[in-house]
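> predicted model, plus sequence, below.
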Amino acid sequence: MTLLEEPIRELGRRLREREISAVELAEEALARAKELDPTLGAFLRVTPELALEAAAVADLRLQEDPAGAPILCGIPVAYKDVVCTEGVETTAGSQILRGFVPPYSATVVDRLSALGVVPLGKLNCDEFAMGSSNENSAYQLTRNPWDPERVAGGSSGGSAVAVAARLACVTLGSDTGGSIRLPASFSGVVGVKPTYGRVSRYGLIAFASSLDQIGPLAKTVEDAALVLTAIAGQDPRDSTSVVAPVDGFLGELRAGVKGLRLGIPKEYLEVGLDPGVRAVFEQSIRMLEGLGAVTQEVSLPTTEYALSAYYVIAPAEVSSNLARMDGVRFGPGFAGATTLKEAYEQARHEGFGEEVRRRVTLGTYALSSGYYDAYYLRAQKVRTLVAQDFDLAFAQVDAIISPTAPTAAFRLGERTADPLAMYATDVLTLPANLAGISGISVPAGFAAGLPVGLQVLGPYLGESTCFRVAQSLETEARIWDRLPPLAVAPA
Amino acid sequence: MAQERASAPLAGSIALSEVAHVSNLARLGLTPPELEKLAAQLDVIVAAVGKLSSADTSSVEATAQVGGLRNVTRADVVSPGLSAEEALANATAKAAGFLRVPAIQ
């Protein structure tokens, strides 16, 4: 039905054999966005000229040297709006950055551009990546392409929907507490949170500096692995990025799971799983066991404190990171303010939405004199316990599996009045961010017609194992190519 | 506000005056009704995260950073950064190559 249904390798073959051109592929992506995105709301801005320019250059490169051109040459991509793109407005989903045009691009954008990708535009997200449903964007709603009355998940909701609705081949999102994996699960696509330090954060508008990671969302595990290979690697401009080989993700991909030990954390099954989600999870276990994996129960006892620790650490770090949003060097300004304090207050009052205000206040409180030890320091100690739990578990098993979320996509507006209910959406994803380990969500099945993802967690720098398990499930489940209703026609 | 509470158990609640104080520190410019609404929400959230006080953290150090990296440095070599023009490009108020803001008082 559309070229955008094909995985990257197949598109690469067609491009090199001149069955299609990169310009045609870009035109098709842009036409689909024009037709379908008014309903879906995945894109904050589409960049047709940049896309077609890059596609023309890609076509030349593919013609001159088909064998030598990178696998991602000519492939349409899009970026979550927290990723800086030089010359293209970048807002982080917030009014305080309305009109901000970055003078530089993020490292991940530079790396993908050098490989010849076709950049389609910037994707909607929760404001400053804070949220689990994409409902905190200060600009527009993003709807789930499986049911337009439901959330896409957040905070990389636009990134997930663009892939699910086949508007882009792959997208980049960011994951701080589950913001790639959760929308991937809710929207029925693959999403990867790399090990902390795998992918440079240079040019990522910071939310929580010790938790954030940029990662790929894609239709297939292999496509995600191809993109991760392209963007990962130490960057001198990000002092928290690590030196580690990046060539292993694809090699082991189809090694299968025979003999692999998979741990199921008992605490993750006690969080009030929706029965439909539980059923899909159990079916996934049976599938993986049928392929030769060996499952066993593991325990992650600090799980019950992880949510609290995260909702101290993340707000604390964001209160510091968002101090730079002062309306002075960027932002809508402060017309009429007569003192500097008034100027800051006006810019930030107009520029920040409710969730941002909540977290900045909570974070400032947790770091303030008299409370720092009791909250922030204590939370960072609990974080050590969370990491230790995983270390102990990974001594017994090769990977940990669980549902990505306790439920499938909930209705728009269902959790917006209750912050704690919204925060609890991330209960199964955020421990991996606290520990810094790698994780992937892969489509595992459906519950009442809505996608349900399987989460695979691997040890520090253990993405290859995650990919291997996810690939086995994808091949067995055979649902990756199922199209959501709103990928076919607007509602 | 600056009372030392390091060894006391978490209060598990947050007063309106504390919310007003920290949101003032954060220059959020909240109106009184906004402050009240926020304080009510934060009271619930602070009570929930107060759960941390029952975790046994006596055996561990805080995690400042998960990767174990230390003292990552680069060679002390000057390289070009943004030009003044580039750096000011997104500012709404400028004068003579400077950012322009109202006076402090």
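It's in.

> do you know how far residue A:215 is from chain B?
Separation of residue A:215 from chain B (C-beta to the nearest C-beta, to the nearest Å): 16 Å. Every C-beta, even on glycine, is put in place using the N, C-alpha and C of the backbone.

> can you tell me which residues in the stretch 1-150 of chain A are near chain B?
A:99, A:100, A:101, A:103, A:104 (C-beta under 8 Å from any C-beta of the partner chain).

> which residues are in contact with the last one?
When you say that, I think you mean residue A:104. A:84, A:86, A:203, B:82 (C-beta atoms under 8 Å, 6 or more residues apart in numbering or on different chains).

> would you write a PyMOL line that selects the buried entries of the residues of the stretch 1-150 of chain A next to chain B?
Buried members of the residues of the stretch 1-150 of chain A next to chain B, defined by 16 or more other C-beta atoms under 10 Å in any protein chain shown, are picked up in PyMOL with:
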select buried, chain A and resi 100+103+104
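
> closest one to residue A:337 out of the residues of the stretch 1-150 of chain A next to chain B, please.
Closest approach to residue A:337 among those (C-beta to C-beta): residue A:99, at 18.3 Å.

> does the closest one count as helix, strand or coil?
Recorded secondary structure, residue A:99: coil (DSSP: H, G, I helix; E, B strand; the rest coil).

> mind checking how far it is from residue A:364?
For residue A:99, the distance to residue A:364 equals 27 Å [C-beta to C-beta, to the nearest Å].

> over to residue A:442?
38 Å.

> residue contacts, residue A:192?
A:180, A:181, A:215, A:216, A:217, A:224, A:228, A:438, A:439, A:440, A:463, A:466.

> contacts only, for the nearest residue to it once chain neighbours are set aside.
With sequence-adjacent residues excluded and distances taken as C-beta to C-beta, 6 or more residues apart in numbering or on different chains, residue A:192 is closest to residue A:215, at 4.4 Å. Residues in contact with residue A:215, defined by C-beta under 8 Å, 6+ apart, are A:172, A:173, A:174, A:175, A:180, A:191, A:192, A:193, A:194, A:199, A:228.

> please repeat the previous calculation with a cut-off of 6 Å.
A:175, A:180, A:192, A:193, A:194 (C-beta atoms under 6 Å, 6 or more residues apart in numbering or on different chains).

> tell me, how many residues neighbour the second one?
If you count neighbours by other C-beta atoms under 10 Å in any protein chain shown, residue A:180 ends up with 35.

> ok, then the element right after the helix or strand harbouring residue A:389?
Under the criterion of DSSP states H and E, residue A:389 resides in helix A:378-396. Proceeding N to C from helix A:378-396, the next assigned helix or strand is strand A:399-403, under DSSP H and E.

> can you pull the alpha-carbon coordinates of that following strand into PDB?
Once non-C-alpha atoms are left out, strand A:399-403 reads as follows in PDB (Å, rounded to 0.1, in the frame of the first residue of the first chain):
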ATOM      1  CA  ALA A 399      17.900 -10.600  30.100                       C
ATOM      2  CA  ILE A 400      14.900  -9.500  32.000                       C
ATOM      3  CA  ILE A 401      11.400  -9.500  30.400                       C
ATOM      4  CA  SER A 402       8.200  -7.900  31.500                       C
ATOM      5  CA  PRO A 403       5.200  -6.000  30.100                       C
END
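
> ok, that strand: who's next to it in the sheet?
Applying DSSP bridges, strand A:399-403 is found paired with strand A:261-265 (parallel), strand A:450-458 (antiparallel).

> relative to helix A:378-396, how tilted is the first one?
Yep, that's strand A:261-265 we're talking about. 140 degrees (axes from the mean of the first three to the mean of the last three C-alpha atoms, to 10 degrees).

> quick one, helices of chain B?
B:16-25, B:32-49, B:84-88 (DSSP state H).

> so how far is the first one off the chain centroid?
Centroid separation between helix B:16-25 and its chain, computed with C-alpha atoms, centre = their mean, to the nearest Å, is 13 Å.

> which pLDDT value belongs to residue B:7?
Listed pLDDT for residue B:7 reads 39.

> equivalent analysis for the one 3 residues further on, please.
Residue B:10 carries a pLDDT score of 52 in this model.

> show me which residues of the stretch 251-400 of chain A are close to chain B?
Those residues of the stretch 251-400 of chain A that sit near chain B, judged by C-beta under 6 Å from any C-beta of the partner chain, are A:305, A:308, A:311-312, A:328-330, A:333, A:337-340, A:343-345, A:348-349, A:357, A:360-362, A:364-365, A:368-370, A:373-374, A:377-385.
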